[in-house]
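**Student:** need the 3D shape of this:
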Amino acid sequence: MISPEYCQMMAQYNAWQNSQMKSVLEKLTEADLRADRGAFFGSIMATANHLLWGDLLWMARFDGGEAPTAQLADSGQTTPTMAVWGAERFRTDGRIKQWASALTQDQMSGDLSWMSASLGREVSRPISQCIVHFFNHQTHHRGQIHTMVTSLGMTTGDTDLVFMPED
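**Tutor:** Numbering: from 1, shown residues only. Here you go, the predicted structure:
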């Protein structure tokens, strides 16, 4: 279904997009960051925090490392400030790229099982499907943030995967 190269490309895309997004979010006022804009998580800051929380949760499932302690209901408060969010975002993007760079095709086969707090039961899915969901979840919530930022007259820069800078 997918390959390690796909994961490496998407990890790089994720980091690129988050860097662009961070540059724009740092220009917003606290009021702009925290105003309820009708998105699922309400504000820009809460959506950015949920995105970070989701990445940390999935990475813990993928790499066995540290997971967030907050539950879904509190995921919008993962970090208290844009400065803390930016540092955690950078660290997490590095963790994602490191995981993707070491991933093998064999590690992408079989199922991944975890206890879903939101469903209240054990869940098992093909790991490749979980990885695709992981990257799709990032794009989905960055799209929400992009819309909210655009409504403020700002731009996050190019979001097209085919125009991602090559390192």
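**Student:** looking at the protein, which helix or strand does the model trust least?
**Tutor:** Across the helices and strands of the chain, mean pLDDT, DSSP states H and E gives its lowest value to strand 111-116, namely a mean of 94.
**Student:** and whichever helix or strand comes after it, which strands flank it?
**Tutor:** Helices and strands here follow DSSP states H and E; after strand 111-116, the next one along the chain is strand 121-126. Note on strand 121-126: by DSSP bridges, its sheet partners are strand 111-116 (antiparallel).
**Student:** gap between the strand it pairs with and the chain center?
**Tutor:** 19 Å (C-alpha atoms, centre = their mean, to the nearest Å).
**Student:** look up phi and psi at S3.
**Tutor:** Main-chain dihedrals, S3, degrees, to the nearest 10: phi -130, psi 170.
**Student:** surely it meets Q107?
**Tutor:** No: contact criterion C-beta atoms under 8 Å: S3 and Q107 do not qualify, at 11.4 Å. Backbone N, C-alpha and C define where each C-beta goes, glycine included.
**Student:** could you report the neighbour count for the residue nearest to R95 when sequence neighbours are not counted?
**Tutor:** Once flanking residues are discounted, R95 sits nearest to M59: 5.7 Å by C-beta to C-beta, 6 or more residues apart in numbering. Neighbour count of M59, defined by other C-beta atoms under 10 Å: 20.
**Student:** before we move on, back to that, list the buried residues for the least confident helix or strand of the chain?
**Tutor:** L112 (16 or more other C-beta atoms under 10 Å).
**Student:** which other residues reach it?
**Tutor:** Outside strand 111-116, the residues within contact range by C-beta atoms under 8 Å, 6 or more residues apart in numbering are 61-62, 121-127, 130.
**Student:** including pLDDT, could the residues you listed go into a markdown table?
**Tutor:** Output for those, formatted as a markdown table (pLDDT from 0 to 100):
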| residue | pLDDT |
| --- | --- |
| R61 | 96 |
| F62 | 97 |
| R121 | 94 |
| E122 | 96 |
| V123 | 96 |
| S124 | 97 |
| R125 | 97 |
| P126 | 97 |
| I127 | 97 |
| C130 | 97 |
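**Student:** pull the helix or strand where V24 lies out as PDB, backbone CA atoms only.
**Tutor:** Using DSSP H and E, V24 maps to helix 4-25. What follows is helix 4-25, C-alpha atoms only, in PDB (Å, rounded to 0.1, in the frame of the first residue of the first chain):
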ATOM      1  CA  PRO A   4       9.100   3.800   3.700                       C
ATOM      2  CA  GLU A   5       9.900   6.400   1.000                       C
ATOM      3  CA  TYR A   6       6.300   7.600   1.100                       C
ATOM      4  CA  CYS A   7       6.600   8.000   4.900                       C
ATOM      5  CA  GLN A   8       9.900   9.900   4.500                       C
ATOM      6  CA  MET A   9       8.400  12.300   1.900                       C
ATOM      7  CA  MET A  10       5.300  12.900   4.100                       C
ATOM      8  CA  ALA A  11       7.400  13.500   7.200                       C
ATOM      9  CA  GLN A  12       9.400  16.100   5.300                       C
ATOM     10  CA  TYR A  13       6.200  17.600   3.900                       C
ATOM     11  CA  ASN A  14       4.700  17.800   7.500                       C
ATOM     12  CA  ALA A  15       7.800  19.500   8.800                       C
ATOM     13  CA  TRP A  16       7.800  22.000   5.900                       C
ATOM     14  CA  GLN A  17       4.200  22.800   6.300                       C
ATOM     15  CA  ASN A  18       4.400  23.200  10.100                       C
ATOM     16  CA  SER A  19       7.400  25.500   9.700                       C
ATOM     17  CA  GLN A  20       5.400  27.700   7.300                       C
ATOM     18  CA  MET A  21       2.400  27.600   9.600                       C
ATOM     19  CA  LYS A  22       4.500  28.500  12.700                       C
ATOM     20  CA  SER A  23       5.900  31.600  10.900                       C
ATOM     21  CA  VAL A  24       2.400  32.900  10.300                       C
ATOM     22  CA  LEU A  25       1.000  32.000  13.700                       C
END
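**Student:** thank you kindly, that will do.
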